[in-house]
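Novice: build the 3D model from these lines:
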Amino acid sequence: MEIAKRRTVYDALQERLRFIFKNYDYIYVSFSGGKDSGVLLNACIDYIRKHNLRHKLGVFHLDYEVQYGKTTEYVDQVLASNRDLLEVYRACVPVKVLSSTSMYQQYWRPWDPDMQKFWVRSLPKECHTVSDFDFYNRRMWDYEFQYDFASWLRNHKKAESVACLVGIRTQESFNRWRTIHRPQGVVRKNDPQWRHRIAEGIDNIYPLYDWLTTDIWTANGRFGWEYNRLYDLYWQAGVPLESQRVASPFISQAISGLRLYRAIDPDMWGKMLCRVNGVNFAGLYGGTTAMGWRRVKLPEGMTWKSYLYFLLDTLPKTTRNNYLKKLEVSMNFWKNRGGCLLPETIRKLRAKGIEVHIAGKSNYRTKKIPVRMDYHDDIDLPEFRELPTYKRMCICILKNDHCCKYMGFSPNKINRELRFSALQEYAAHAGDGNT
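Specialist: This is a model prediction of the structure:
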């Protein structure tokens, strides 16, 4: 009896690529220089060559200026190879990028012309700068730029449909799982989980969403694909496979590993100290309780609520108001709209005598149930991070997590809403003849 061949994640990827190259006018890969986007790009290149397609594959790389030298070497190598297939968009623009190294500076700007004498390296050859993008403005965050780039590229290529291929996997983090399972864009009937409509004629596609870290390295080994050799240095430094990531070094998720720059790339470390505020402190204490990591202890004689307002009083006015606004939004959200919790978590809360109100059905494809509840000082449960407490807000402040991602805030959604409100207000005043 013949045994059926087991379907692998690689087989699933090939089916997805077949669908993508058949149904979109223009396709590009969002390439960061990390292991996931590198595998995705290599897989697309192999697919085009194997099937003798006439497609030109776009590659979008938002260059953050400050990164490991090995990452720059890898990006340069990849973008210079396969020139017969690739159309490269290497964007070196001074967008705003979240920074968790300082309580005084919520963001920094790569390639900021006002800071040119402190740049850690020169502009790459054949890069795209602000003069190439008519949609750019100084208020833009990096994720806004990436979002608007897709529409710009669609117009630039005069394409009816554009696919942006993104190499994120649900295994990597809860925020990435949420990106796949709780899309912020238009949800179309019968759409697979790995395809989301983000704008007219533009889809974000996540072909590797169900791959594991071991699948990534198996593919690199089996097919002989080139990868960022920074991962070899990570391994030699004892960093576990699941913790090896290439990202902007100043975001909250990367702070605990910032100290590795001193050992792996000391030359870059020296340049970083003059480039962004608070790098040295974050490098020293990024993995300690001083910045909200490990177990945070409450000062004697204080509640978490009183400790929160004590911390807020130590902050600059702008930073303090930012956290207060986030707290207000969170409190209103849990009181009026409700957050989503698993039934088991709800049972644990009620067992502790905590009042929880079922808020109806969720619009998301999830087993979680929407519930309304009040803010608490602290809730001693393993699901602590999902629950509305003043302790959780304290941790955000200690982490310099200005966006409060630790609490589940989505920076792109919040800032898009603020931007939309500002545009509406401007349009209203313009309609009245006011300026």
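
Novice: residue contacts, residue 341?
Specialist: Residue 341 makes contact with 349, 356, 368-369, 371, 383, 386-387 under the criterion CB atoms under 8 Å, 6 or more residues apart in numbering. No exception for glycine: its C-beta is placed from N, CA and C like everyone else's.

Novice: repeat that for 7 Å
Specialist: 368-369, 371, 386 (CB atoms under 7 Å, 6 or more residues apart in numbering).

Novice: ok, residue 90 next?
Specialist: Neighbours of residue 90 in contact, by CB under 7 Å, 6+ apart: 61, 63, 79, 124, 126-128.

Novice: please check those and keep the buried ones.
Specialist: 61, 63, 79, 124, 127-128 (16 or more other CB atoms under 10 Å).

Novice: circling back to that earlier point, among the contacts of residue 90, which ones are in strands?
Specialist: residue 61 (DSSP state E).

Novice: tell me where the stretch 251-400 of the chain has strands.
Specialist: Using DSSP state E, counting those that start in this stretch, the strands of the stretch 251-400 of the chain run over 339-341, 357-358, 369-372.

Novice: Throw the ones you listed into TSV and include distance to residue 83 and mean pLDDT, thanks.
Specialist: Compiled in TSV, the strands of the stretch 251-400 of the chain are given as follows (distance: least, CB to CB, whole Å; pLDDT from 0 to 100):
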stretch	distance to residue 83	mean pLDDT
strand 339-341	47	87
strand 357-358	58	90
strand 369-372	51	89
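
Novice: can you list those strands in TSV and add distance to residue 243?
Specialist: Converted to TSV, the strands of the stretch 251-400 of the chain look like this (distance: least, CB to CB, whole Å):
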stretch	distance to residue 243
strand 339-341	27
strand 357-358	37
strand 369-372	32
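
Novice: relative to residue 8, which of the ones you listed is closest?
Specialist: Ranking those by proximity to residue 8 (CB to CB) places strand 339-341 first, at 32.3 Å.

Novice: just checking: what are the partner strands of the closest one?
Specialist: strand 369-372 (antiparallel) (DSSP bridges).

Novice: now do the contacts for the closest residue to residue 139 other than its chain neighbours.
Specialist: Computed as CB to CB, 6 or more residues apart in numbering, the closest residue to residue 139 that is not its neighbour in sequence is residue 96, at 7.5 Å. By CB under 7 Å, 6+ apart, the contact list for residue 96 reads 107, 109, 140-142.

Novice: most widely separated two among the buried ones among the contacts of residue 90?
Specialist: 79 and 128 (11.8 Å).

Novice: what about the helices in the stretch 301-435 of the chain?
Specialist: 304-313, 317-332, 343-351, 390-398, 411-431 (DSSP state H, counting those that start in this stretch).

Novice: so which of the strands of the stretch 251-400 of the chain is nearest residue 270?
Specialist: For residue 270, the closest of the strands of the stretch 251-400 of the chain is strand 339-341, at 43.9 Å, according to CB to CB.

Novice: distance from the chain centre to the closest one, please.
Specialist: Put simply, strand 339-341 sits 22 Å off its chain's centre (CA atoms, centre = their mean, to the nearest Å).

Novice: cool, and stretch 382-390?
Specialist: From the chain centre to the centre of stretch 382-390 is a distance of 21 Å (CA atoms, centre = their mean).

Novice: start to end distance for it?
Specialist: Stretch 382-390 stretches 16 Å from its first residue to its last (CA to CA, to the nearest Å).

Novice: ok, residues contacting it?
Specialist: 304-305, 308, 330, 334, 341, 345, 373, 375-379, 381, 392, 406.

Novice: please list only the buried members of those residues.
Specialist: Judged by 16+ other CB under 10 Å, buried ones among the contacts of stretch 382-390: 304-305, 308, 330, 334, 341, 345, 373, 375-376, 378-379, 381, 392, 406.

Novice: and those residues, which is closest to residue 37?
Specialist: After measuring those against residue 37 - CB to CB - the closest member comes out as residue 406, at 24.8 Å.

Novice: export stretch 54-64 as PDB, just CAs?
Specialist: Output in PDB follows, covering the C-alpha atoms of stretch 54-64 (Å, rounded to 0.1, in the frame of the first residue of the first chain):
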ATOM      1  CA  ARG A  54       9.300  37.000 -16.700                       C
ATOM      2  CA  HIS A  55       8.500  38.700 -13.500                       C
ATOM      3  CA  LYS A  56      10.700  41.400 -12.000                       C
ATOM      4  CA  LEU A  57      10.700  41.000  -8.300                       C
ATOM      5  CA  GLY A  58      10.600  44.200  -6.200                       C
ATOM      6  CA  VAL A  59      12.700  44.400  -3.000                       C
ATOM      7  CA  PHE A  60      11.900  47.000  -0.400                       C
ATOM      8  CA  HIS A  61      14.500  47.600   2.300                       C
ATOM      9  CA  LEU A  62      14.000  50.400   4.800                       C
ATOM     10  CA  ASP A  63      17.600  51.100   5.900                       C
ATOM     11  CA  TYR A  64      17.800  52.100   9.600                       C
END
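
Novice: kindly report the domain assignment for the chain.
Specialist: 9-223, 304-398 (automatic domain parsing).

Novice: now tabulate the ones you listed in CSV and tack on distance to residue 270.
Specialist: Output for the domains of the chain, formatted as CSV (distance: least, CB to CB, whole Å):
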stretch, distance to residue 270
domain 9-223, 9
domain 304-398, 27
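
Novice: most packed of these?
Specialist: domain 9-223 (a mean of 17; mean count of other CB atoms under 10 Å).

Novice: how far does that one stretch from start to finish?
Specialist: Using CA to CA, the two ends of domain 9-223 sit 15 Å apart.

Novice: could you give the mean pLDDT of that domain?
Specialist: The average of the pLDDT scores along domain 9-223 is 88.

Novice: one step back: so which of the contacts of residue 96 comes closest to residue 233?
Specialist: Using CB to CB, the shortest approach to residue 233 within the contacts of residue 96 belongs to residue 142, at 25.3 Å.

Novice: for that closest one, which non-adjacent residue is spatially closest?
Specialist: Leaving out its chain neighbours, the residue that sits closest to residue 142 by CB to CB, 6+ apart is residue 95, at 4.6 Å.

Novice: I figured that neighbour was touching residue 141, is that so?
Specialist: Yes: in this structure residue 95 lies within contact range of residue 141 using CB atoms under 7 Å: 6.2 Å.

Novice: so residue 263 touches residue 239, yeah?
Specialist: No: taking CB under 7 Å as the definition, residue 263 is not a contact partner of residue 239, at 10.8 Å.
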